[in-house]
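Novice: the following block contains a protein sequence and its predicted model.
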Amino acid sequence: MQALAITSIGETAFQTVETPRPGAGDVLIDVGCVGLCGSDLNTFKGLNPLATLPRIPGHEIGGTILDVGPDVPSTFRRGTRAVVVPYTACGQCAACKNGRPNACKHNQTLGVQRHGGMADRLVVPHTHLILNDHLSLRELALVEPLSVGFHAVTRGSVAAGDAVVVLGAGMIGLGAILGALAKGAHVIVVEISENKREMLKALGVRDVVNPTTENLPDRVAELTDGHGADVVIEAVGLPETFRSAVDLACFSGRIVYVGYAKSEVSYNTAIFNLKELDIMGSRNATRADFEAVIAFLETQPTLAEHLISRVFPWAEADQAFGYWDANRQNTFKVMIDMQDQPHA
C-alpha cells in the first residue's frame with residue numbers, strides 16, 4: 001500500500017509499505033480523511049522532540065471499517081464509519097490509575113511516536129474506535145483536534161456566564177472557543193490574524209482582540225468590567241502568551257495551558273499567590289471529550305465547511321505541509337482526502 005512519510009526535515013515522500021493485517025481484537029481501517037496537526041507540521045520542520053524520522057504522520061483520522069480480527073465485538077461491522085482515538089495508555093502509571101489515561105506517562109500517539117494514518121490502511125485496537133455513521137469522513141477527522149480544545153474547557157471548569165479568554169485561534173484554540181461557547185461562556189479571542197476575525201465572528205465569538213493593534217490587558221479589563229477573565233486558555237505556546245495568561249486572569253481565576261512553550265518561561269510568581277490562581281496543564285483528550293465533540297458536530301451541519309480551509313487530494317498530499325507553513329495566518333485546518341488513493 002502507499003503511505004506519505006516525512007523522510008527528513010522539510011521533506012516528504014510517497015512510499016510503498018506493507019499492508020497491515022488485523023490481529024486479535026484489532027480492526028482494519030480504510031483511511032478516508034486525515035487532518036494535519038501542528039505536531040505534524042513541527043515534525044516536518046524538525047521542531048518535534050517526540051518524533052523521529054522517517055515518520056508517517058497523521059492522528060486526526062476518519063475512516064471506514066474494512067475488516068476485523070478475532071475477538072472483536074459484532075458492533076464493529078464492515079462499512080461502518082469511525083473516528084480513531086490515536087493515543088495509547090499503559091494502565092499502570094499514576095495518570096492511568098487516577099482515571100486520566102489521556103495523560104499517560106508512556107503514551108504513544110499515532111503519527112508522533114509511532115507511524116500514523118497517512119496511509120491507505122491502518123490497524124488499530126477496536127477499543128480505539130468510536131463508531132459513527134452520521135458524520136462525514138471529513139467531520140470525523142475534525143473530532144480529535146476539537147476534542148483537545150474541549151478537554152481544555154473541561155480542565156478549566158468553564159461554566160455559563162464565565163468570561164473566557166482564549167489565546168490563539170488555531171485548531172486547538174478553536175476547539176476551546178467552541179467548547180466554551182457551548183457552555184454558555186462569554187468568549188474573548190486573542191488572535192493576531194485579521195484574516196480569521198470574520199470567521200470567528202461567524203462562529204459566534206463576540207469579541208476578538210488583536211494584541212498587535214490593541215492594548216490587550218486594557219481591552220480584556222474593559223470587556224470584563226475590570227475584573228479580568230474567569231478562565232484563560234493558552235493555545236499558542238509562546239513564553240509571552242504563557243505570561244499573558246497570568247496577567248489576564250482575574251483574582252481567583254483559572255488558567256489552562258494547552259500550548260507547548262518551546263523555551264523556558266519566567267514568571268513573577270507573587271501574582272500566583274496574590275490572585276490565588278488555579279493553574280493547570282491540559283493534554284490530549286478523553287473518550288468523553290471525543291463523544292462530546294461528536295454530539296456537538298451532529299448539531300452543526302455546516303461547521304466543517306467553515307473550519308476546513310483546504311483539502312488536498314491524495315496525489316498532492318506531499319504539497320500540503322509546505323502550503324500550510326506558508327499560509328498559517330489564514331488557515332484553520334488542512335486535510336488530506338485519501339479516498340482517491342489507489343488500493344493495493
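Specialist: Good, I have the coordinates.
Novice: make it CA atoms for all contacts and neighbour counts henceforth
Specialist: Will do.
Novice: and the chain, what are its domains?
Specialist: 2-133+302-340, 149-281 (automatic domain parsing).
Novice: hmm, residue 310 is touching residue 334, no?
Specialist: Yes. Residue 310 is within contact range of residue 334, at 5.0 Å (criterion: Cα atoms under 8 Å).
Novice: which one of the two is surrounded by more residues?
Specialist: residue 334 (20 against 16; other Cα atoms under 10 Å).
Novice: mind checking which helix or strand the more buried one is in?
Specialist: According to DSSP states H and E, residue 334 maps onto strand 333-337.
Novice: I'd like the average pLDDT over that strand.
Specialist: Mean pLDDT, computed over strand 333-337, is 96.
Novice: and it, what does it pack onto?
Specialist: strand 26-35, strand 308-313, helix 320-326 (3 or more Cα pairs under 8 Å, 6 or more residues apart in numbering; DSSP states H and E).
Novice: and stretch 131-149, what's buried?
Specialist: In terms of neighbour count (16 or more other Cα atoms under 10 Å), stretch 131-149 has its buried residues at 131-132, 135-149.
Novice: helices - which of these land there?
Specialist: Using DSSP state H, the members of those that fall in helices are 137-149.
Novice: average pLDDT across stretch 181-198?
Specialist: 94.
Novice: for residue 58, see how far away residue 114 is.
Specialist: Residue 114 sits 10 Å away from residue 58, taking Cα to Cα, to the nearest Å as the criterion.
Novice: and those two? Which one has more around it.
Specialist: residue 58 (27 against 15).
Novice: so where's the stretch 201-344 of the chain shaky on pLDDT?
Specialist: 340-344 (pLDDT under 70).
Novice: hmm, try it at 50
Specialist: 342-344 (pLDDT under 50).
Novice: helix or strand for residue 289, which one?
Specialist: Per DSSP H and E: helix 287-298 holds residue 289.
Novice: now stretch 82-95: buried residues?
Specialist: For stretch 82-95, using 16+ other Cα under 10 Å, the buried residues are 82, 83, 84, 85, 86, 87, 88, 89, 91, 95.
Novice: next one: stretch 224-235
Specialist: 224, 227, 228, 229, 230, 231, 232, 233, 234, 235.
Novice: out of the residues you listed, which comes closest to residue 196?
Specialist: Distance to residue 196 across those (Cα to Cα) is lowest for residue 235, with 15.3 Å.
Novice: would you mind confirming that that closest one is in contact with residue 259?
Specialist: Yes. Judged on Cα under 8 Å, residue 235 makes contact with residue 259 at a distance of 4.4 Å.
Novice: count of residues packed around the closest residue to residue 308 other than its chain neighbours?
Specialist: Using Cα to Cα, 6 or more residues apart in numbering and skipping the chain neighbours, the partner closest in space to residue 308 is residue 333 (4.8 Å). Neighbour count of residue 333, defined by other Cα under 10 Å: 22.
Novice: in three-state terms, label residue 82 for me.
Specialist: strand (DSSP: H, G, I helix; E, B strand; the rest coil).
Novice: what's near enough to touch the closest residue to it other than its chain neighbours?
Specialist: Nearest residue to residue 82 in three dimensions, chain neighbours excluded: residue 131, at 4.3 Å (Cα to Cα, 6+ apart). By Cα atoms under 8 Å, 6 or more residues apart in numbering, the contact set of residue 131 is 76, 80, 81, 82, 83.
Novice: correct me, but the residue nearest to residue 308 touches residue 306?
Specialist: No. Residue 333 is beyond contact range of residue 306, at 9.5 Å (criterion: Cα under 8 Å).
Novice: any residues in contact with both of those two?
Specialist: What both residue 333 and residue 306 touch, as defined by Cα under 8 Å, 6+ apart, is an empty set.
Novice: how close does the residue nearest to residue 82 sit to residue 124?
Specialist: For residue 131 relative to residue 124 (Cα to Cα), the value is 13 Å.
Novice: residue 98 now?
Specialist: Counting by Cα to Cα, the gap from residue 98 to residue 124 is 25 Å.
Novice: okay, the two: which has more neighbours?
Specialist: Ranked by neighbour count (other Cα under 10 Å), residue 98 and residue 124 place residue 124 first, with 21 against 12.
Novice: who's in contact with that one?
Specialist: Counted by Cα under 8 Å, 6+ apart, residue 124 has contacts 22, 26, 27, 28, 29.
Novice: closest to residue 37 among these?
Specialist: Within the contacts of residue 124, the smallest distance to residue 37 is 20.1 Å, found for residue 29 (Cα to Cα).
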